[in-house]
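> let's see this in three dimensions:
(one chain, ligands or ions: 2)
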Amino acid sequence: MPMFDEIKGFGVTFKRLFKKDLTIEYPDERRALEERFRGLPVLRTDPETQEAICVGCSMCERICPTQCISMEFTPGVGNGERDVVVYTLDAGRCMYCGLCAKACPVDAITMSNAFELSVTTREGLIYQKSQLAEIGATAREYFAQ
Ligand code: SF4
Ligand code: SF4
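Ligands and ions are numbered 1, 2, ... in the order given. Here you go, the predicted structure:
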């Protein structure tokens, strides 16, 4: 009976009136992120020098399944390391798998909590080293024991 169906529908609505809201007023209200949340991969920095601690080994670039990391570097002066001149990460291709952070031997790249990355152009999703280091300055070691 059509009338009976409507009453049933109102009954469902009426029961929900006295229950706690499931929705929140984003972005004014935010849910806490899970501890193992994986947001934008970023470069961690040395707290003393504020420089990215990346040593230019290219492990992250080589292991990335979507090839969204690209680097250019020059040999470091007398330290056996390489100076990373260019480090870019295309967030539009990143699938947030965390393999780059897992492979990094010095925890220089980590998974941050950054997820609000909306932009109006594809170019806006390409992050340079300085931008990654700025976000990474406060990021935790994702795979720390
Ligand atoms: S999270 Fe995965 S897809 Fe994204 S940069 Fe790292 S390895 Fe590549
Ligand atoms: S794996 Fe780590 S140290 Fe090596 S290039 Fe990537 S971020 Fe730098």
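
> all contacts plus neighbour counts: C-alpha atoms, from now on.
Will do.

> state the distance from Thr104 to Tyr87.
Just to correct that, residue 104 is Cys rather than Thr. Here Cys104 is placed at a distance of 14 Å from Tyr87 (Cα to Cα, to the nearest Å).

> so who does the residue nearest in space to the middle of the chain touch?
The residue lying closest to the centre of the chain (Cα atoms, centre = their mean) is Leu40, at 1.6 Å. The neighbours of Leu40, taking Cα atoms under 8 Å, 6 or more residues apart in numbering as the test, are 91, 96, 111-115.

> please redo it, this time with the cut-off set to 7 Å
If you count contacts by Cα atoms under 7 Å, 6 or more residues apart in numbering, Leu40 has them with 96, 111-115.

> quick check: residues of this structure near ligand 1?
Proximity of the chain to ligand 1 is assessed by Cα under 6 Å from any ligand atom, with 41, 64-66, 68-69, 94-100 identified as the residues in range.

> just for the chain, where's the confidence low?
Residues of the chain meeting the criterion pLDDT under 70: 1-2, 78-81, 144-145.
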